[in-house]
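In: Got a predicted structure plus its sequence, pasted below:
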Amino acid sequence: MKSVFDPSFCHNEREVESKLIVSYLLPKLGYSLKLWRQERKLNRFRLDFSAYTDSEVKTDVVFEAKHPNENLNNHFQQLKDYMLELQIPYGMLTNGKEIIIYRNTGNNIQLIFHCWGRKVNENIDKIKALIGKETLAKELKSIGNNMKIIAVYHNKGGVGKTTTVVNLAATFSKMGKRVLVIDLDSQANTTFATGLVNFEDEEKDDLKDSYVYHVLKSQKFFPISEIARTSRFSSHEIDVIPSHILLMEKEKELFEAKSVIRRLIKKLEVVKDKYDIILIDTPPSLNLYAEIALITTDYLLIPSDMKPFANAGLTNVRKFIDKNDETRDMLSREPIKILGVLPTKVSTNARFRKYTLPKRLAVPKRYGFEVMNSIIFERDDLAKCTEQTVQLEDMEIPEPRSILDFNSQSESVNEFQKLATEVLEKVS
């Protein structure tokens, strides 16, 4: 018997869910029982229905059901919040009498389909062509979840590189992205900030025999899958390739090794289907590890506190980019795509923001760099979140947290969400 839908059968929200979405739309669109979930909680949201083309790692379509007497326009903002914050490509809003489909455009959602409930049977092929399982599987594969590699670099220290890397990683992960962080700085600040230095005594150091040096030293051995560790500094899991203070003394050895400059590129190629985003924290220098980062990356984000020395250092950053673009050319790699200078550690003082900040934001253009629209301000929460500890018997063990987990109501959370959205728009 041919399955049809009649909106007159729906008298309340529960019947819109059961008779339209569960019994009619999901089967018609090709989503089997294992490819959708009801009442799924993601971050601060609870989705009526989330559907997947492959696995439930990432929601591809969200379905929101409302009472037949509800005006769907009153629920647009709710769906928009779901789709933008969780980076869900498509969303449907329905009360049984109307069906509306939206597409996520990066910084907004766009209406792409509308029909009355009584017309859904004759329009089901159009709906299937937009958000059917097979259609979306092909579309999302083609636009990819192609792995994006982003290096975070400035040759001046103290500009907020590590803070940017770890909290941007946490924000991407919260959005449903699969994230790998690589710490290429021998100071290992990112390794510490992601909670991997969970020992007080160097005799219990479990990093020195398995960190980024081992990835770089051998093409044949130490694959990324073996060295990467899952960090729980964020409630959303993130993989991290840690660094170590010993990396400092390994530079000469690695410099003399053949093909070391390409090694990370090749090893990342092996895991390109495992991760959506790679974030590389770099040393504040012009050394081999910074070179490897800039040879490996697709994109470059330049954090800066916008103070005179940081701005003056952009000259060195520009020269270093040009130098590494020459090497990239010899390796048949495209030039680095520069996302822009990210203002970080910016004072929240109202007078400073009104009179001084605009002048400083204009400086990077002198060096040929655009400035990101996002700004990360200096806030107590952002400084304290990586300083958290836990008492274990007679020892105080570091237990850093991402800003999202330390204080979800912090203004810094909104700032990193805006930054993550802006970065995703630029790399898409």
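Out: Great, that's in hand.
In: Tell me how many other residues surround Ser285.
Out: Ser285 has 17 neighbours, counted by other CB atoms under 10 Å. Every C-beta, even on glycine, is put in place using the N, C-alpha and C of the backbone.
In: ok, it - contacts?
Out: By CB atoms under 8 Å, 6 or more residues apart in numbering, the contact list for Ser285 reads Asn155.
In: isn't there a helix covering it?
Out: No: counting by DSSP: H, G, I helix; E, B strand; the rest coil, Ser285 falls outside a helix, being coil.
In: Could you list every helix and strand in contact with the helix or strand hosting Ala293?
Out: According to DSSP states H and E, Ala293 maps onto helix 288-296. Contacts defined by 3 or more CB pairs under 8 Å, 6 or more residues apart in numbering; DSSP states H and E place helix 288-296 against strand 148-152, helix 251-256, helix 260-270, helix 314-330.
In: Distance-wise, check Asp239 relative to Leu247.
Out: In this view, Asp239 and Leu247 are 19 Å apart by CB to CB, to the nearest Å.
In: All the strands of the stretch 151-300 of the chain, residue numbers only.
Out: Under the criterion DSSP state E, counting those that start in this stretch, the stretch 151-300 of the chain contains strands at 179-183, 229-231, 238-241, 277-281, 299-304.
In: Turn those into CSV, columns for distance to Ser18 and mean pLDDT.
Out: As requested, those are exported to CSV (distance: least, CB to CB, whole Å; pLDDT from 0 to 100):
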stretch, distance to Ser18, mean pLDDT
strand 179-183, 36, 96
strand 229-231, 38, 91
strand 238-241, 37, 94
strand 277-281, 37, 96
strand 299-304, 45, 96
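In: Quick one: closest of these to Asn146.
Out: strand 277-281 (10.4 Å; CB to CB).
In: What strands flank that closest one, and is each parallel or antiparallel?
Out: Strand 277-281 pairs in its sheet with strand 148-152 (parallel), strand 179-183 (parallel), by DSSP bridges.
In: Any idea which of these gets closest to Pro335?
Out: The nearest among the strands paired with strand 277-281, by CB to CB, is strand 148-152 at 13.4 Å.
In: how big is the angle separating the closest one from helix 288-296?
Out: 150 degrees (axes from the mean of the first three to the mean of the last three CA atoms, to 10 degrees).
In: what's strand 148-152 in contact with?
Out: Strand 148-152 is contacted by residues 161, 164-165, 168, 268, 276-282, 293-294, 296-303, 339, 423, 427 when judged by CB under 8 Å, 6+ apart.
In: and the closest residue to Glu387 other than its chain neighbours, what does it touch?
Out: In space, Glu387 comes closest to Pro400 once its chain neighbours are excluded; the distance is 7.1 Å by CB to CB, 6 or more residues apart in numbering. Applying CB under 8 Å, 6+ apart to Pro400 gives the contacts Val166, Phe192, Ala193, Thr194, Gly195, Phe233, Cys385, Thr386, Glu387, Gln388.
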